[in-house]
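A.B. asks: Below are the sequence and a predicted model; questions follow.
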Amino acid sequence: EDQVTQSPEALRLQEGESSSLNCSYTVSGLRGLFWYRQDPGKGPEFLFTLYSAGEEKEKERLKATLTKKESFLHITAPKPEDSATYLCAVQAWEGSNYKLTFGKGTLLTVNP
Amino acid sequence: GAVVSQHPSWVICKSGTSVKIECRSLDFQATTMFWYRQFPKQSLMLMATSNEGSKATYEQGVEKDKFLINHASLTLSTLTVTSAHPEDSSFYICSARDTTGSYEQYFGPGTRLTVT
């Protein structure tokens, strides 16, 4: 069974204080590791997809990296508007479709 | 690009009635759409996968007769919660994968269902 574990569950940072979120996974036949941002009461917003170990992607203050067992979402000099829940998900072929398995998320709070 | 809409954004219904939620891909065609459910402070749980023109595939524990899914076109999927009960109250979110073969899933804004 595919498993995704995110840590920490919650993270509180001061504005400008860089940090990283972790996503460790076990999956048979990985077909992409996804990072999403979710604001309260809204659907997840797509951030990145990583497909192979060693791959990195960046978007503004966010940078995602991938190894064979885990992924990191690095946040550089965060701002209060970066406050959200960050979700990690792995995609694998199951039965007749590709499916996403989500972690429980990391709630990030950035204080001004 | 890659915008998915849901309607309604929130709905309140009485116990025993049915409610339909629409999911549309606005700027791309989606061969596959997914329906998720999310309880407060929990992650997304996949309910079912629908492919255009064929029957939906439901996850274990999801009642197919209660949660009716129709994927009638490449841009529209609907979820009907039949004979709703208070325990069906939740946040329902759809996602869509486009026909170009990319693996990305794009999510709608969600529908908050409250059953009284």
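C.D. replies: Happy to help now that I have it.

A.B. asks: CA atoms for contacts and neighbours, from now on please.
C.D. replies: OK.

A.B. asks: And the pLDDT at the residue in chain A that chain B sits nearest to?
C.D. replies: Shortest chain A-to-chain B distance, computed as CA to the nearest CA: residue-wise this is A:G43, at 4.2 Å. Here the pLDDT value assigned to A:G43 is 95.

A.B. asks: Helix or strand: which one has it?
C.D. replies: Mapping A:G43 onto the secondary structure by DSSP states H and E places it in no helix or strand at all.

A.B. asks: Could you tell me how many residues sit around it?
C.D. replies: Per other CA atoms under 10 Å in any protein chain shown, the neighbour tally for A:G43 reads 25.

A.B. asks: B:F34 too?
C.D. replies: The burial metric for B:F34, expressed as a neighbour count using other CA under 10 Å, is 26.

A.B. asks: Indicate the residue of chain B located nearest to chain A.
C.D. replies: Counting by CA to the nearest CA, chain B gets nearest chain A through B:P109, at 4.2 Å.

A.B. asks: Can you give me every residue that contacts the closest residue to that residue other than its chain neighbours?
C.D. replies: Residue nearest to B:P109 in three dimensions, not counting chain neighbours: A:G43, with 4.2 Å by CA to CA, 6 or more residues apart in numbering or on different chains. Shown in contact with A:G43 (CA atoms under 8 Å, 6 or more residues apart in numbering or on different chains): B:I93, B:F107, B:G108, B:P109, B:G110.

A.B. asks: any idea which helix or strand carries the residue nearest to the spatial centre of chain B?
C.D. replies: Compute the mean C-alpha point of chain B, and by CA atoms, centre = their mean the closest residue is B:W35, 3.6 Å away. Taking DSSP H and E as the definition, one finds B:W35 inside strand B:30-38.

A.B. asks: That strand near chain A at all?
C.D. replies: No - no part of strand B:30-38 sits close enough to chain A to count as contact by CA under 8 Å from any CA of the partner chain; the gap is at least 8.7 Å.

A.B. asks: Report the rounded mean pLDDT for that strand.
C.D. replies: Mean pLDDT, computed over strand B:30-38, is 93.

A.B. asks: That strand pairs with which strands, parallel or anti?
C.D. replies: As defined by DSSP bridges, the strand partners of strand B:30-38 come to strand B:45-51 (antiparallel), strand B:90-98 (antiparallel).

A.B. asks: looking just at contacts, which helices and strands does the helix or strand where A:L100 lies meet?
C.D. replies: Counting by DSSP H and E, the secondary-structure element that holds A:L100 is strand A:97-102. For strand A:97-102, the contact count by 3 or more CA pairs under 8 Å, 6 or more residues apart in numbering or on different chains; DSSP states H and E identifies strand A:3-7, strand A:84-94, strand B:45-51 as packing neighbours.

A.B. asks: of all those strands, which lies closest to B:S9?
C.D. replies: Nearest to B:S9 among those is strand B:45-51 (18.6 Å), distances taken as CA to CA.
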